[in-house]
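# missing the sequence, but the structure's below:
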């Protein structure tokens, strides 16, 4: 790995997704360990993977990334610090934070 993890990773049937301390996010092939994609993204919490989408909190933003390519599917600005991991629920995403 190019740097140490910034938070725990997430895993699905094909890949492992890891936020890195140097403001990068990477996905590794689960079977071979080879890098599938890497992109600049400052994330300090564990990602959440659901339905071929990687959800990640990044500096006042929640991002939904395409799991296969790492490209943004959507981005939502938030007005609070996230101090807990993203959690799956009845709806695709639950966020804990404080104002």
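Looks like it came in fine. These figures come from a predicted structure and were not determined experimentally. Numbering: from 1, shown residues only.

# what about the strands in the protein?
Secondary structure of the chain (DSSP state E): strands at 10-11, 15-20, 24-29, 35-40, 48-50, 53-57, 61-66, 72-77, 81-82, 97-98.

# distance between stretch 73-81 and the chain's centre?
Relative to its parent chain, stretch 73-81 has a centroid offset of 13 Å by C-alpha atoms, centre = their mean, to the nearest Å.

# can you list the buried residues in it?
With burial defined by 16 or more other C-beta atoms under 10 Å, not one residue of stretch 73-81 is counted as buried. C-beta: built from backbone N, CA, C; applies to glycine.

# one more: stretch 27-36?
27-28, 36.

# ok, stretch 46-55 next?
For stretch 46-55, by 16+ other C-beta under 10 Å, it's 46-49, 53-55.

# can you add pLDDT and give the residues you listed back as TSV?
Formatted as TSV, the buried residues of stretch 46-55 follow (pLDDT from 0 to 100):
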residue	pLDDT
46	89
47	93
48	92
49	94
53	95
54	96
55	93
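
# that'll do, ta.
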